[in-house]
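Chemist: output the structure for:
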Amino acid sequence: MIGPTAASTLDEVTNDPYALAVDAAAALKEASGVASFDVALVLGSGWVPAADAIGETITEFSTAGLPGFAPPGVAGHTGRVRAVRTESGRNALIFLGRTHLYEGRGVEPVVHGVRTAIRVGAGTIVLTNAAGGLRPETQRVGEAVLISDHINLTGASPITGATFVDLTDLYTSRLRDLAREVEPSLAEGVYVAFRGPTYETPAEVRMCRALGGDMVGMSTALEAIAAREGGADVLGVSLVTNPGAGLVGEPLSHEEVLAIGRATAARMGDLLAKVVGKL
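Modeler: Predicted coordinates:
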């Protein structure tokens with residue numbers, strides 16, 4: 001039975017988060033019965049139902065028994081992980097939710113899943129999220145948008161010390177090209193990451209538009225940085241679930257985000273399955 005040890009709990013102060021990821025990777029391999037994974041996917045708010053389309057489930061279990069993983073703190077994030085065999089014969093690791101910076105646990109739990117995935121062999125990390133659209137004149141609610149770049153306004157980074165990581169091609173252009181082979185109509189955009197949990201003010205939305213942002217949300221950026229630091233390629237996909245605050249005059253709610261996710265789950269799952277099949 002897998003369970004956290006006294007040496008690897010979330011409450012323990014550690015100076016080596018990578019060591020915790022190594023422990024979690026060993027426990028994950030034991031719990032899943034899979035020695036190595038080719039790709040890992042992190043499913044954001046509303047994306048969880050899309051997991052069923054990605055491949056045949058090998059096993060699924062709670063992350064609660066894996067060192068370093070926090071319990072789910074947001075509706076739409078289940079705190080479970082699924083090992084999947086895709087039609088193309090690849091082993092995929094699917095995190096059915098994530099930890100957010102606004103939950104107050106610090107940066108390390110936010111990126112722990114990505115760091116663990118890399119240590120079980122995943123050379124490609126697919127990050128999905130629900131996002132507010134900053135360009136309602138061209139974006140439709142329920143539309144998937146490839147992340148071409150991001151603007152990190154969280155005030156945080158998963159990297160400390162003199163570790164200099166090139167983020168020029170953070171969201172790997174080759175993977176975006178593969179996604180467009182699957183769905184040529186996919187648009188690209190710049191994702192703006194805030195800390196949350198409040199939605200952005202109309203003034204902040206106007207600022208993001210002026211900075212060149214196309215989508216806005218509360219996740220993804222720190223995970224992408226950690227993935228690139230770990231040597232993985234990154235594909236980011238935002239599901240536009242609502243226009244940004246003040247752009248259409250409607251109030252924002254998490255329930256709306258989840259509803260759009262449920263309505264588009266089959267289509268988003270089909271997109272992810274086909275992209276993973278081309279890796």
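
Chemist: residue 208 is in contact with residue 202, isn't it?
Modeler: No. Counting by Cβ atoms under 8 Å, residue 208 stays clear of residue 202, with 10.7 Å between them. Using the backbone N, CA and C atoms, a C-beta is placed for each residue, glycine as well.

Chemist: which one of these two is surrounded by more residues?
Modeler: The neighbour count for residue 208 versus residue 202, taken as other Cβ atoms under 10 Å, is higher for residue 208 (23 against 12).

Chemist: residue 202 and residue 151, how far apart?
Modeler: 18 Å (Cβ to Cβ, to the nearest Å).

Chemist: for the stretch 1-150 of the chain, give me the ranges with low pLDDT.
Modeler: By pLDDT under 70, the weakly predicted segments of the stretch 1-150 of the chain are 1-15, 73-78.

Chemist: in it, which spans are strands?
Modeler: Here the stretch 1-150 of the chain has its strands, by DSSP state E, counting those that start in this stretch, at 39-42, 56-62, 80-85, 91-96, 124-133, 144-152.

Chemist: including distance to residue 186 and mean neighbour count, could the ones you listed go into CSV?
Modeler: Shown next, in CSV, are the strands of the stretch 1-150 of the chain (distance: least, Cβ to Cβ, whole Å; neighbours: other Cβ atoms under 10 Å):
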stretch, distance to residue 186, mean neighbour count
strand 39-42, 17, 26
strand 56-62, 26, 14
strand 80-85, 23, 21
strand 91-96, 20, 25
strand 124-133, 13, 26
strand 144-152, 5, 20
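
Chemist: burial check on residue 104, number of neighbours?
Modeler: Neighbours of residue 104 under the rule other Cβ under 10 Å: 9.

Chemist: so residue 57 makes contact with residue 80?
Modeler: No. Counting by Cβ under 8 Å, residue 57 stays clear of residue 80, with 11.2 Å between them.

Chemist: where does residue 188 land in three-state SS?
Modeler: At residue 188 the chain is in strand, as set by DSSP: H, G, I helix; E, B strand; the rest coil.

Chemist: and it, what are its bridge partners?
Modeler: Residue 188 has these beta-bridge partners by DSSP bridges: residue 146.

Chemist: and it, how far is that from residue 173?
Modeler: 10 Å.

Chemist: between those two, tell me which one has more neighbours.
Modeler: residue 188 (15 against 11).

Chemist: picking that back up, between the strands of the stretch 1-150 of the chain, which one is nearest to residue 50?
Modeler: Nearest to residue 50 among the strands of the stretch 1-150 of the chain is strand 124-133 (8.0 Å), distances taken as Cβ to Cβ.

Chemist: same for the closest one, what does it pack against?
Modeler: Counting contacts by 3 or more Cβ pairs under 8 Å, 6 or more residues apart in numbering; DSSP states H and E, strand 124-133 is packed against strand 39-42, helix 107-119, strand 144-152, strand 215-217, helix 221-229, strand 233-243, helix 254-277.
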